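1. Output the structure for:
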Amino acid sequence: MAGTSEFAVAIVINAVILIVFVLIYSILKRRFEKIYFPRRILNKDTVFPRLSQSFFGWILDALRWDDDSVYAVAGLDALLYTSFFRLGLYVFSACSIFGIIVLIPVNYYGDACNKEANATGCVPYDGLDSISLTNIRSTDDRLWAHWLSAYIFVGIALYFIDRFYTHFISYRMRYFSEGREHMHTVLVRDIPRDAASVENVTRVFREIYGDEVIEVDIIQNCTKLRRFIAARDQAQAQLDHVVAVKAGLKPGKKPPHTRLGGYVCCGGTLVESEQHLREKIHNLDVAIANKQSRLKKRPEKNCTSAFVTFRRVSTAVSAAQTLMSSTPMTWTVTAAPEPRDVHWDNCKMAFHNRSIRTTLFNIATFALVLFWIIPVAFVASLTTLEALSASLPFLEPIVNANAVFKAFLQGFLPTLALLIFMALLPTILTAFSSAQGLPSISEINFSMMTKYYWFQVVNVFFVSLIAGSAFNAISDIISSPFSVFSLLSEAIPKTGAFFVNYIMLQAFGSHTGDLARLVPLILHKIKWKLLAKSEAEKAATWNPGSYNYGESFPAKILVVLIGLTYASVAPLILPFVVVFFLTGYIVYRINLVFVFEPSFETGGMLFQAVFDRIMAAVVLYELTLIAILAIKNLLPQTILLIPLILYTWYFWSGRNGAYQRVINNISQEKACHIRVASRRAAHLFQIPELLAPTSVSPQDIADIDLEDSPRPSQDMMPGSAAASPYALGKDAASKLELEPRDSGAIDGIAVDESTEDPAEPGVESTV
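-> Sure thing, here's the model as predicted:
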């Protein structure tokens with residue numbers, strides 16, 4: 001482990017980073033509302049919880065908010081995330097008491113290298129090794145304290161996990177009871193081709209559910225239409241930019257021009273940009289309107305998926321939980337995601353295609369986990385000062401010139417390299433998950449979270465433990481899989497300092513860095529001053545977007561695994577884990593309430609995955625402690641830990657068996673009290689691209705063929721963040737003006753007028 005000086009330097013540097021970021025936030029939050037409180041601007045009618053403008057009063061305010069306030073403003077996904085930090089804070093705060101008062105003194109006075117052993121050449125432990133399990137001899141009765149710590153730590157963890165579980169269930173039931181409009185709808189996939197039409201799907205479902213069926217929306221192939229719309233969005237953003245630039249020109253200055261044809265700076269024809277873009281937009285409008293018309297005339301071609309909306313939620317619940325057909329791989333019915341959450345391209349993917357893709361990308365993920373070990377282990381080994389000095393001899397005098405600088409590199413270099421290297425993964429894993437054919441963005445994030453978590457476990461936790469002999473360890477594990485526990489039992493006591501630094505850096509720097517938001521502030525200022533001209537471009541400079549829970553959760557759950565694994569071995573890690581969860585609880589309560597705008601709400605769908613991974617961390621802690629005690633030939637303590645594992649497994653399986661269906665499904669008890677569907681609910685799942693407005697009237701496209709319209713080129717492809725009614729991923733179905741229907745009926749089915757929602761204004765074309 002690291003020496004005392006390196007550890008002290010790491011604490012001081014991290015503490016300074018924390019203080020600086022907190023001071024930056026306290027000063028700048030008063031001046032830059034668009035960066036630190038953008039949701040107040042975007043949601044002027046929302047009542048936000050109080051956050052003091054005093055220098056440090058905001059900390060106490062964030063801690064005082066009740067869960068109802070967070071749920072009302074940020075949603076159940078945000079409440080789940082912040083409750084996870086509170087769970088970690090409670091668990092590790094309680095564990096720290098026993099760890100600091102009992103385990104650290106026991107380890108310190110263990111004296112594994114006593115005076116008699118020194119005579120034979122044993123070097124006494126110093127620094128952090130002197131307060132870890134490494135400092136206790138195998139025959140020392142003090143090891144019973146570590147056996148006792150397992151029961152205490154696991155008991156504390158299971159107690160607070162149970163409270164976390166029941167607390168979440170109460171809010172999950174509340175979410176279900178609110179009867180959100182998409183709960184009236186189910187997603188039907190794998191429809192047989194001979195039944196793939198609105199009429200046939202409607203007939204099949206009405207034979208079972210009668211007049212409860214009020215709407216059937218077939219999911220069509222809109223890939224080409226989507227490409228036209230994306231190109232039109234890009235052209236509109238460019239036009240807005242050009243118009244804004246032109247308006248700011250001084251008299252006599254030439255307006256912006258575009259070169260058509262030729263090379264980079266010569267040849268071709270110069271034309272005025274505004275006129276050129278207006279013509280391009282008109283041509284794209286023609287192409288869009290023509291394609292929409294064709295799809296509406298032949299809606300059933302190659303369409304094997306549909307959204308079916310029912311009058312009552314209870315009927316939708318029955319449909320989603322009932323086997324629709326006895327023919328395998330047909331008529332797969334699931335609850336529909338929120339409209340903003342739908343991944344339209346994946347919804348229409350056939351069963352066999354999904355199965356093959358899932359298998360291939362799971363194999364690819366497994367291979368990536370294994371092969372990623374090689375570069376990660378290589379980087380981890382190179383970041384030691386000895387390895388760097390050997391590879392780059394000119395660094396040796398620089399490193400040895402200053403003891404503080406050397407301590408800084410020793411404490412931070414491996415951790416920073418690992419964090420940067422792992423930052424490449426989420427994009428790759430999201431692409432894998434999306435290609436599997438999952439029908440919603442939230443399910444893609446869920447799949448990515450699962451993959452990313454196991455990446456973190458293998459490549460951050462496991463490989464970092466054995467980085468010094470990674471390739472030998474891999475061959476040992478392949479030849480004898482159970483040798484992984486003996487490897488961990490030998491490596492864990494030696495690597496406590498690395499993970500103390502790892503957690504310290506995230507607790508003191510990463511979380512408070514997210515609070516200070518310096519990078520978004522700097523980018524906002526640069527874009528606002530130099531690049532943004534139109535109103536849409538200026539708004540995009542400060543719009544924070546949504547928070548990706550699937551990408552963030554794995555690293556946070558990994559801290560639970562690290563904290564528990566080292567709780568008995570190197571108890572000094574416990575206070576830093578407490579700081580990690582305390583700063584995370586405060587920072588993300590503030591950011592999720594005031595900064596990040598949810599793009600959709602899943603109602604805490606990630607809870608089951610979070611719970612299972614926390615429980616897996618508890619079990620892995622127990623197994624590694626058993627392995628450590630077994631390596632020290634402590635048979636009584638090893639045997640007496642087996643009942644603890646059995647009870648943990650009973651607790652885990654018992655909670656899942658009792659509550660899993662309750663969490664994942666709306667009960668009929670709740671569903672029967674939810675109001676009947678409004679007319680707006682019946683239209684939520686119409687394909688947004690088919691409803692996208694254009695500047696072209698039906699008469700304009702009567703004699704125009706799609707092939708006569710220009711095909712979008714590379715310079716027309718999307719890349720602008722400008723707001724548009726065509727923008728994919730937005731709740732287009734709820735924002736666009738829908739086709740008029742009879743006010744008293746939907747497809748011949750009477751609708752309760754008292755449940756009708758106020759009509760929303762349509763979005764007109766900007767051209």
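
2. what's residue 513 in contact with, if anything?
-> Taking CB atoms under 8 Å, 6 or more residues apart in numbering, we find residue 513 in contact with 17, 21. For glycine as for every other residue, the C-beta is placed from the backbone atoms N, C-alpha and C.

3. Output the helix or strand hosting it as CSV, nothing but the C-alphas.
-> Per DSSP states H and E, residue 513 falls inside helix 511-516. Written as CSV, here are the backbone C-alpha positions of helix 511-516 (Å, rounded to 0.1, in the frame of the first residue of the first chain):
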residue,chain,number,x,y,z
HIS,A,511,-19.2,14.9,-7.9
THR,A,512,-18.4,18.5,-7.0
GLY,A,513,-17.1,19.0,-10.6
ASP,A,514,-20.6,18.1,-11.8
LEU,A,515,-22.0,20.6,-9.4
ALA,A,516,-19.6,23.4,-10.5
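
4. Just list what whichever helix or strand comes after that helix packs against, helices and strands only.
-> Going down the chain from helix 511-516, the next helix or strand is helix 518-526, by DSSP H and E. When contacts are defined as 3 or more CB pairs under 8 Å, 6 or more residues apart in numbering; DSSP states H and E, helix 518-526 packs onto helix 33-36, helix 535-542.

5. Show me the one of the ones you listed that comes nearest residue 560.
-> Nearest of these to residue 560, taken as CB to CB: helix 33-36 at 29.1 Å.

6. Tell me the secondary structure at residue 217.
-> strand (DSSP: H, G, I helix; E, B strand; the rest coil).

7. buried residues in the helix or strand harbouring residue 296?
-> Using DSSP H and E, residue 296 maps to helix 273-297. Across helix 273-297, burial judged by 16 or more other CB atoms under 10 Å covers 273-274, 276-278, 280-292, 295.

8. Residue 504 is in contact with residue 576, correct?
-> Yes: with contact defined as CB atoms under 8 Å, residue 576 counts as touching residue 504 (5.1 Å).

9. just to revisit the earlier point, distance from whichever helix or strand comes after the helix holding residue 296 to the middle of the chain?
-> For helix 273-297, the following helix or strand on the C-terminal side (DSSP H and E) is strand 306-310. Distance of strand 306-310 from its chain centroid, counting by CA atoms, centre = their mean, to the nearest Å, is 28 Å.

10. what's the next secondary structure element after strand 306-310?
-> Moving toward the C-terminus from strand 306-310, the next helix or strand (DSSP H and E) is helix 313-320.

11. And the helix or strand just after that following helix, what does it pack against?
-> Heading C-terminal from helix 313-320, the first helix or strand you meet, by DSSP H and E, is strand 332-335. Secondary-structure packing of strand 332-335 (3+ CB pairs under 8 Å, 6+ apart): strand 185-189, helix 313-320.

12. tell me the mean pLDDT over the helix holding residue 513?
-> Regarding helix 511-516, the rounded mean pLDDT is 92.

13. cool, stretch 168-185 as well?
-> 89.

14. ditto for stretch 360-378
-> For stretch 360-378, the per-residue pLDDT averages 80.

15. Could I get the pLDDT score of the residue lying closest to residue 353 once chain neighbours are set aside?
-> Nearest non-adjacent residue to residue 353, counting by CB to CB, 6 or more residues apart in numbering: residue 437, 6.4 Å away. Confidence at residue 437, expressed as pLDDT, is 90.

16. next one: residue 451
-> With respect to pLDDT, residue 451 scores 90.

17. which SSE is it in?
-> Using DSSP H and E, residue 451 falls in helix 441-455.

18. which helices and strands sit right next to that helix?
-> In this structure, helix 441-455 packs against helix 351-382, helix 425-435, helix 549-567, helix 607-631, with contacts taken as 3+ CB pairs under 8 Å, 6+ apart.

19. Which strands and helices lie in contact with the longest one?
-> By that I understand helix 351-382. Against helix 351-382 (3+ CB pairs under 8 Å, 6+ apart) you get helix 385-391, helix 403-422, helix 425-435, helix 441-455, helix 463-465, helix 470-479.

20. Now do the third one: distance to the chain's middle.
-> Meaning helix 425-435. Centre to centre, stretch against its chain (CA atoms, centre = their mean), the figure for helix 425-435 is 12 Å.

21. That one relative to helix 351-382, how many degrees between them?
-> For helix 425-435 against helix 351-382, the angle by axes from the mean of the first three to the mean of the last three CA atoms, to 10 degrees is 170 degrees.

22. Residues in contact with helix 425-435: which ones?
-> 343, 346, 357, 361, 364-365, 368, 372, 444-445, 447-448, 451-452, 455, 548, 551.
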